[in-house]
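# sequence and predicted structure, then a few things I'm wondering about:
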Protein chains: 2
Amino acid sequence: MTAADRSSSTLTPAYDALVARNARAWRLEHLGAIASWDQAANMPPKGNEARAAALAELGTLLHGMATDPLLRELLDRAEQEPLDVLQRANLREMRRDWVAHNALPAALVEQRALATARCEHAWRTQRPANDWAGFVANLRPVVRIAREEAQCLSQATGLAPYDALIDRFEPGMRAVELERLFGDLRSWLPGLIERVTVRQAGETVRRPQGPFDRAAQKALGLEVMRLLGFDFDAGRLDESTHPFSGGVPEDVRLTTRYHDDDLQQALYGVIHETGHARYEQNLPRAWLGQPIGRARSYGIHESQSLAFEMQLGMHPGFVALLVPLLERHFGPQPAFAPDNLARLLTRIEPGFIRVDADELTYPAHVMLRFELEQALIGGEIEVEDLPALWDAKMAAYLGVDTRGNHRDGAMQDVHWPTGAFGYFPCYTLGAMYAAQWFAAMRRATPDLDARIAAGDLAPVFDWLREQVWLQGSCWPTPELALRASGEPLEPAHYRAHLERRYLG
Amino acid sequence: MTAADRSSSTLTPAYDALVARNARAWRLEHLGAIASWDQAANMPPKGNEARAAALAELGTLLHGMATDPLLRELLDRAEQEPLDVLQRANLREMRRDWVAHNALPAALVEQRALATARCEHAWRTQRPANDWAGFVANLRPVVRIAREEAQCLSQATGLAPYDALIDRFEPGMRAVELERLFGDLRSWLPGLIERVTVRQAGETVRRPQGPFDRAAQKALGLEVMRLLGFDFDAGRLDESTHPFSGGVPEDVRLTTRYHDDDLQQALYGVIHETGHARYEQNLPRAWLGQPIGRARSYGIHESQSLAFEMQLGMHPGFVALLVPLLERHFGPQPAFAPDNLARLLTRIEPGFIRVDADELTYPAHVMLRFELEQALIGGEIEVEDLPALWDAKMAAYLGVDTRGNHRDGAMQDVHWPTGAFGYFPCYTLGAMYAAQWFAAMRRATPDLDARIAAGDLAPVFDWLREQVWLQGSCWPTPELALRASGEPLEPAHYRAHLERRYLG
């Protein structure tokens, strides 16, 4: 029993006990977050075994705390206590966590851990070897377990099975809504890609000439982070093989990766991660350590990184702001002309690989995955059916031929091997939300584009801080969208943004 | 109950349960070690509050594990189980830990935490202000609590009170033995310092001319670490305000600090920390996570850093090895002549400050502190008596006048404000052990000095690995010394080393 457990002088003893337990877990998770960042950014190879064991031990400890049998009673008692609206929201999120940690039988959790570890581990060599048959043998049990997991979560939440998987990543989002959103997308995206391809065939674009000194790239990245309002008293930029945003809200750790001959990857990687970082740095301080003090969801998080990278970062006014910085660090180049840079950044190229895709073709990759994983979890298709369906959809959406190329087909992502079904839609939800946020900002600040071009980014940051960052997890995603922008998620904003940028 | 607790198929179920509990604590401590290193090396200022809370939460958790009431019974039962000699040594160390964590009443632990936190916090401003009266008011309760602590530990261990404090840092060391060692030192050290001062008055020494590029200093440091056998696959070198050796044995994190006009501080700091690091990197792998897999003690740890910094690092043969490295990074300078460098490194200067002291005058600072803290804990003197005694001893041992200068007198160290009575002797024990190790090495390898001069450092590292590093905490310090060098700690080796180096 903690001090808070014993407290009986308040009217909300059960709720207070839950708050104290969450705060305790939060403090311990801090150590895991920093150790995980260190693992990616600093750790020498011989440290890995001990680090993995340490993080696993922490995971066991936190799982034990999250499955403490006392929690059920505390949650039930707290429901009866006089809570205000935010406390009630916090309690709702506590119950979400409780369901997530307690809905699955321990045997299923163990099976899932084994099957996904085996599948992911083998995938690391099977993918480069294009070994589809080997991969299928491991993915089949992962899918079988994910279907069972969906059933268990469905029973615990009352949601449909695939909805229950989605809800882990995007609270409140449902498959029927995704069908509406992706159905809309399907009706215009392939056509738009075709038109833009034709139009760009006649354009000439200059590429900046490298090599680009890495120290200068880092200095540029730091400057751009400053321009984007990153708080360097509460975070850092470092290097890692796979760029990410980690750490804790009080101390956000971004990483990037430099390429000698390519400026854009590191620079736009930093802009993307800075979007994630500012969300974390501006979560509601008073609620840090409690569930509603967390970022809302994966889709909303991605809406911040894409608001920074795509909406703002590729905005012609913002691109023009980058030119003097580029020239200062790398000297003048014809390729640094603002209109050339803007053309370069919006150059599209339908291809095999999602993570390499440009802004316009990226959602086609996600749409394909959503359709396939929904059918997989629903039992309408089996793992064996993936290649033929993958080929057909890639041909239809992007006009590329992936036959026999499993490595760059259904084997390219780590998500399914690790059992993260329901995650993929979040990428495109993020892009749609980002477009919707900017549409709302333009209503609030009609001269927004001129302000951006003049280097005044405050209207962007102020809107995001107020409408998204400071909201934490107070509302389910649909309600957050409604409160922030006055309407539910509306893909028309996304379409309008893409058409304006690529055909305007 | 862990799996190991429940195991009944072995003949040593209680011992096995204790092993499992130690392994669990070890894995969690890993996260604290990395987060603490990060706090010093990387963390931005706004991260500090959350980091401190996270580390405190881990401390509470580990304290709870160390004071679990079940432990007493497990320890008692394990005593009756058929253990081999190393298991029995491990059990002995487990009981040491248990006594350390359980000997003090919770109220005293809390009082100590409050009193030391208040004293240390105030000291940070009182020291620069030379505010002795203010400091005394806070140090008095710290000393009172330390006396109580000594009594409690005395009852739990059967040792005399001050012995019980020393034993926390140097297992097996007793005040009577320290009196013998420091008594010997007192008989010849002040005279030796005087003679060396006179002798050096006539010498001319050139100082290397800066500024010294920091990147070049870092590159030099890395090269010297390689020369000293540091395993970069199991550790790193970074920067921090106060250099230290941290991390975990599988991933040792060294830090240093660069000065534009002074090469020696960073370089010899790195050499010193590399000694600590190699000890950690070469602890017995099979026992990592168990008490006997740890480094033996503070004195033995310091014997490794000083073996590297003083015995090897200032060895004329080793100094000559550094010359080409210095020239490569900073160009040739007359000051880099090997005999000049050797003279420069052995230049002595009696002064006020322990941490700035040279090899020869350093032990005088420690001797003084040992004498004063022994009298303080024994109740023979009170905090108010410190300045007059400090002045008298500084005059006698080092010929310097500290009257009225409390800031550079009894207020200079953080040890007493934090209640670490019994720690100071370890510094000079380390220097004495280091001299004894090299004396033993010279018996084992008669041409050791020629080997070092030829750049063959293997005899040094092989001896230390075998005799000290791989021994972990298998033996109490006196037995470790006897096994390693064939004799108990014998200050004659230290004296002979200093006389040879400074008068030879």
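That came through, no problem.
# what residues of stretch A:461-479 count as buried?
A:461, A:463-465, A:467-469, A:471-479 (16 or more other C-beta atoms under 10 Å in any protein chain shown). Just so you know, the C-beta spots here come from the backbone N, C-alpha and C atoms, and that holds for glycine as well.
# so what's the residue lying closest to residue A:424 once chain neighbours are set aside up against?
With C-beta to C-beta, 6 or more residues apart in numbering or on different chains as the measure, residue A:369 is the residue that lies nearest to residue A:424, at 4.2 Å, once sequence neighbours are left out. When contacts are counted by C-beta atoms under 8 Å, 6 or more residues apart in numbering or on different chains, residue A:369 touches A:354, A:413, A:415, A:424.
# can I assume residue A:152 sits in a helix?
Yes. When the secondary structure is assigned by DSSP: H, G, I helix; E, B strand; the rest coil, residue A:152 falls within a helix.
# isn't it up against residue A:107?
No. Using C-beta atoms under 8 Å as the test, residue A:152 is too far from residue A:107 to be in contact (11.1 Å).
# so between those two, which is more surrounded?
residue A:152 (16 against 8; other C-beta atoms under 10 Å in any protein chain shown).
# now do the more buried one against chain B, distance only.
Residue A:152 sits at a distance of 26 Å from chain B (criterion: C-beta to the nearest C-beta, to the nearest Å).
# most neighbours among the contacts of residue A:369, please name it.
Each of the contacts of residue A:369 was scored by neighbour count (other C-beta under 10 Å); the top score is that of residue A:424, with 25 neighbours.
# residue contacts, it?
When contacts are counted by C-beta under 8 Å, 6+ apart, residue A:424 touches A:366, A:369-370, A:373, A:413, A:415.
# farthest-separated two in the contacts of residue A:369?
A:354 and A:415 (9.8 Å; C-beta to C-beta).
# leaving aside the residues adjacent along the chain, what's closest to the one residue in the stretch 1-150 of chain A that gets nearest to chain B?
Minimum separation of the stretch 1-150 of chain A from chain B (C-beta to the nearest C-beta) falls at residue A:47, amounting to 3.1 Å. Leaving aside its sequence neighbours, residue A:47 sits nearest to residue B:251 (C-beta to C-beta, 6+ apart; 3.1 Å).
# ok, now residue A:46?
residue B:234 (3.9 Å).
# cool, and residue A:167?
residue A:159 (5.9 Å).
# the one you found - that's part of a helix, no?
No. Assignment of residue A:159 by three-state DSSP gives coil, placing it outside any helix.
# what sits against it?
Applying C-beta under 8 Å, 6+ apart, one finds that residue A:159 lies in contact with A:153, A:167, A:174.
# tell me the confidence at residue A:242?
Per-residue confidence at residue A:242 stands at 87 (pLDDT).
# on contacts alone, who are the packing partners of the host helix or strand of residue A:55?
In this structure, residue A:55 is located in helix A:48-66 according to DSSP states H and E. Contacts defined by 3 or more C-beta pairs under 8 Å, 6 or more residues apart in numbering or on different chains; DSSP states H and E place helix A:48-66 against helix A:13-41, helix A:85-102, helix B:13-41.
# average pLDDT for the second one, rounded please.
If I follow you right, that is helix A:85-102. Here helix A:85-102 scores 97 as its mean pLDDT.
# so which elements touch that helix?
helix A:13-41, helix A:48-66, helix A:70-79, helix A:132-157.
# what about 10 Å?
For helix A:85-102, the elements it packs on are helix A:13-41, helix A:48-66, helix A:70-79, helix A:132-157, helix A:161-169, judged by 3 or more C-beta pairs under 10 Å, 6 or more residues apart in numbering or on different chains; DSSP states H and E.
# just want the angle from the shortest one to helix A:85-102.
This means helix A:161-169. 120 degrees (axes from the mean of the first three to the mean of the last three C-alpha atoms, to 10 degrees).
# ok, now the second one?
Inter-element angle recorded for helix A:48-66 and helix A:85-102: 120 degrees (by the same axes, to 10 degrees).
# for the nearest residue to residue A:10 once chain neighbours are set aside, the count of nearby residues, please.
If the residues on either side of it in the chain are set aside, residue A:10 comes closest to residue A:16, at 5.7 Å by C-beta to C-beta, 6+ apart. Residues lying near residue A:16 (other C-beta under 10 Å) number 23.
# pretty sure residue A:16 is touching residue A:90, no?
No. Judged on C-beta atoms under 10 Å, residue A:16 makes no contact with residue A:90 at a distance of 11.4 Å.
# find residues that contact each of those two.
For the pair residue A:16 and residue A:90, residues contacting each of them under the criterion C-beta atoms under 10 Å, 6 or more residues apart in numbering or on different chains are residue A:78.
# what ranges of the stretch 1-150 of chain A fall below the confidence cut-off?
Across the stretch 1-150 of chain A, the stretches falling below the confidence threshold (pLDDT under 70) are A:1-8.
# which residues of it lie near chain B?
Within the stretch 1-150 of chain A, the positions near chain B by C-beta under 10 Å from any C-beta of the partner chain are A:23-39, A:41-58, A:60-61.
# just the buried ones from the contacts of residue A:159?
A:153, A:167, A:174.
# correct me, but the last one touches residue A:161?
Same thing as residue A:174. No. With contacts counted by C-beta under 10 Å, residue A:174 stays clear of residue A:161, the gap being 11.7 Å.
# where do the strands of the stretch 101-250 of chain A begin and end?
A:235-239, A:245-248 (DSSP state E, counting those that start in this stretch).
# right, so the ones you listed: which one is the most enclosed?
Ranked by mean neighbour count under mean count of other C-beta atoms under 10 Å in any protein chain shown, the strands of the stretch 101-250 of chain A are led by strand A:245-248, which reaches a mean of 24.
# name the strands paired with it and say parallel or antiparallel.
Sheet pairing for strand A:245-248, assigned by DSSP bridges, gives strand A:251-256 (antiparallel).
# now the strand it pairs with against helix B:13-41, angle please.
Taking the same axes, to 10 degrees, one finds that strand A:251-256 is oriented at 80 degrees with respect to helix B:13-41.
# mind checking how far strand A:251-256 is from the chain centre?
A distance of 15 Å separates the C-alpha centroid of strand A:251-256 from that of its chain, computed with C-alpha atoms, centre = their mean, to the nearest Å.
# let me see the mean pLDDT of it.
Mean pLDDT, strand A:251-256: 97.
# then stretch A:269-287?
97.
# who in the stretch 251-400 of chain A is up against chain B?
Counting by C-beta under 10 Å from any C-beta, the positions of the stretch 251-400 of chain A adjacent to chain B are A:251-253, A:281, A:288-289.
# hmm, 8 Å instead?
With C-beta under 8 Å from any C-beta of the partner chain as the criterion, the stretch 251-400 of chain A comes near chain B at residues A:251, A:288.
# and the residue of the stretch 251-400 of chain A that's closest to chain B?
Closest approach between the stretch 251-400 of chain A and chain B, counting by C-beta to the nearest C-beta: residue A:251, at 3.1 Å.
# please name the bridge partners of that residue.
With DSSP bridges as the criterion, residue A:251 is bridged to residue A:248.
# good, we can wrap up now.
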